[in-house]
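Colleague: build me a structure from this.
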Amino acid sequence: MTEAKLHRSAIIDTAIALADEEGLDALSMRRIADRMGVGAMSLYRHIANKDELLAAMTDEVTRRHPYPTVEGQGWTWRDRVRIAAEIDWDLYQRHPWVILTFAMPRYSFGPHSMACLAWLVEGFRELDVTAREAMQMAFSVWNYISGATLPQISSALMTRKGIDTDGDNGLRALLEGTPNWPVPAALAELQGAGVSDLTSEDLLFLGLEALCDGFAARVRHRAT
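Modeller: All right, here's what the predicted structure looks like:
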């Protein structure tokens, strides 16, 4: 690419591709410029600094994974929570690094993220809560999704660095009936109970269902 044809969106796309392949540790203006075949200083005419770049990358990734339009769908607020989880789960698999930038408000509230927040808030208002309460519920959902996704994302990132993540662990050994250490009394019933065949994605949705039950119960309790 010639510097005359260099533009902001191309820089962001290249940065996203680099982060997807090698993680945020590999991200630098120099690496991006090398991939694009331009001088590093030329990037600064379009992106002021790395902070601006990370914010732009995060919002672009969000734009690529929008929450769908609700017109004519008849979705409940619980449906919206599940749809958001499905979309975010896919987003994290495709762009593992974004779990870090989403955790930092300075990067995570661009226009497309705000549109996603509005989409969830609109759904939670069906519970007859205030906009602030609905926003807090949305944040709880997002925090849970990212937390539930983190083990799988961490495993993928460590595997990329050549670290074996498939070895034995204390919990698996306990469930298989061959504990590595003395078993605490509260866990004794789990010894030999067998490893669950639920996937990480299954557990994500089980937890979300419990979280939504909690939202609904709090609203009912307040009403009575």
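
Colleague: any idea which helix is longest in this structure?
Modeller: In terms of residue count, the longest helix belonging to the chain (DSSP state H) is helix 131-160.

Colleague: buried residues, the helix or strand following it. List them.
Modeller: Following helix 131-160 in sequence order, the next helix or strand is helix 170-175 (DSSP states H and E). Neighbour-count burial for helix 170-175 flags 174, 175 (criterion: 16 or more other Cβ atoms under 10 Å). (Each C-beta comes from the backbone N, C-alpha and C, glycine too.)

Colleague: which residues are contacting helix 170-175?
Modeller: With contacts defined as Cβ atoms under 8 Å, 6 or more residues apart in numbering, helix 170-175 is touched by 179, 180, 181, 183, 187, 190, 191, 192, 193, 194, 195, 196.

Colleague: can you list the low-confidence ranges for this structure?
Modeller: Low-confidence segments of the chain (pLDDT under 70): 1-5, 165-167.

Colleague: next, residue 110: phi, psi?
Modeller: phi -80, psi -180 (degrees, to the nearest 10).

Colleague: so what's it closest to, chain neighbours aside?
Modeller: Leaving aside its sequence neighbours, residue 110 sits nearest to residue 59 (Cβ to Cβ, 6 or more residues apart in numbering; 3.0 Å).

Colleague: can you report how many residues lie near residue 88?
Modeller: Neighbour count of residue 88, defined by other Cβ atoms under 10 Å: 24.

Colleague: what's the neighbour count on the nearest residue to it once chain neighbours are set aside?
Modeller: Ranked by Cβ to Cβ, 6+ apart and with sequence neighbours excluded, the top spatial neighbour of residue 88 is residue 145, at 5.0 Å. Each residue near residue 145 was counted by other Cβ under 10 Å, and the total is 25.

Colleague: what does residue 138 give?
Modeller: Count around residue 138 with other Cβ under 10 Å applied: 22.

Colleague: what residues of stretch 88-99 count as buried?
Modeller: 88, 89, 91, 92, 95, 96, 97, 98, 99.

Colleague: figure out how far that stretch is from the centre of its chain.
Modeller: A distance of 5 Å separates the centroid of the chain from that of stretch 88-99, by Cα atoms, centre = their mean, to the nearest Å.

Colleague: list the buried residues in stretch 131-150.
Modeller: Neighbour counts over stretch 131-150 (16+ other Cβ under 10 Å) mark 133, 134, 135, 137, 138, 141, 142, 144, 145, 146, 148, 149 as buried.

Colleague: quick check, nearest of these to residue 81?
Modeller: For the buried residues of stretch 131-150, the residue nearest residue 81 by Cβ to Cβ is residue 141; the value is 5.6 Å.

Colleague: which residues touch the closest one?
Modeller: Counting by Cβ under 8 Å, 6+ apart, residue 141 makes contact with 81, 84, 85, 120, 208, 211.

Colleague: how about those in TSV, adding neighbour count and distance to residue 11?
Modeller: Converted to TSV, the contacts of residue 141 look like this (neighbours: other Cβ atoms under 10 Å; distance: Cβ to Cβ, whole Å):
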residue	neighbour count	distance to residue 11
81	25	35
84	20	29
85	21	31
120	22	30
208	19	36
211	17	38
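
Colleague: rebuild the residues you listed as CSV, extending it with secondary structure and distance to residue 157.
Modeller: Below are the contacts of residue 141 laid out as CSV (DSSP: H, G, I helix; E, B strand; the rest coil; distance: Cβ to Cβ, whole Å):
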residue, secondary structure, distance to residue 157
81, helix, 27
84, helix, 23
85, helix, 21
120, helix, 27
208, helix, 24
211, helix, 26
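
Colleague: so who does the residue nearest to residue 110 touch?
Modeller: Residue 59 neighbours (Cβ under 8 Å, 6+ apart): 110, 111, 112, 113.
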